[in-house]
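K.L.:
Here's my sequence, what's the structure:
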Amino acid sequence: VRAPTLLIVGGHDEQVLELNRQAQRELRGETRLEVVPGATHLFEEPGALEQVADLAARWFTAHLAP
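P.N.:
As a prediction, the model looks like this:
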């Protein structure tokens, strides 16, 4: 993968967090790993999904042509 890649993981999802860290090391393009503190795998905690949406919106705004 050479496209800019954003990885978003819940801070309490330790297994998936480690898998994403490994994936990030393997990716050759621009990558960013964002951790949503206190969130689990499905981002069901209050406000967690909103944080994910905000992170994704900022990433796509910065990386997609207008």
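
K.L.:
tell me the centre residue of the protein?
P.N.:
Nearest to the geometric centre of the chain sits residue 8, at 1.6 Å (C-alpha atoms, centre = their mean).

K.L.:
How about that residue: what's its closest non-neighbour residue?
P.N.:
Among residues not flanking residue 8 along the chain, residue 34 sits closest, at 4.9 Å (C-beta to C-beta, 6 or more residues apart in numbering). C-betas here are computed from N, CA, C, even on glycine.

K.L.:
Report the separation between the residue nearest to the centre of the chain and residue 65.
P.N.:
22 Å (C-beta to C-beta, to the nearest Å).

K.L.:
what kind of secondary structure is residue 34 in?
P.N.:
strand (DSSP: H, G, I helix; E, B strand; the rest coil).

K.L.:
what's the burial count for it?
P.N.:
Residue 34 has 16 neighbours, counted by other C-beta atoms under 10 Å.

K.L.:
Let me see the contact set for it.
P.N.:
6-9, 55 (C-beta atoms under 8 Å, 6 or more residues apart in numbering).

K.L.:
do the same with residue 40
P.N.:
10, 12-13 are the contacts of residue 40 under C-beta under 8 Å, 6+ apart.

K.L.:
Going by neighbour count, which of these comes out on top?
P.N.:
residue 10 (22 neighbours).

K.L.:
Tell me what it is bridged to.
P.N.:
On the basis of DSSP bridges, residue 10 is bridged to residue 36.
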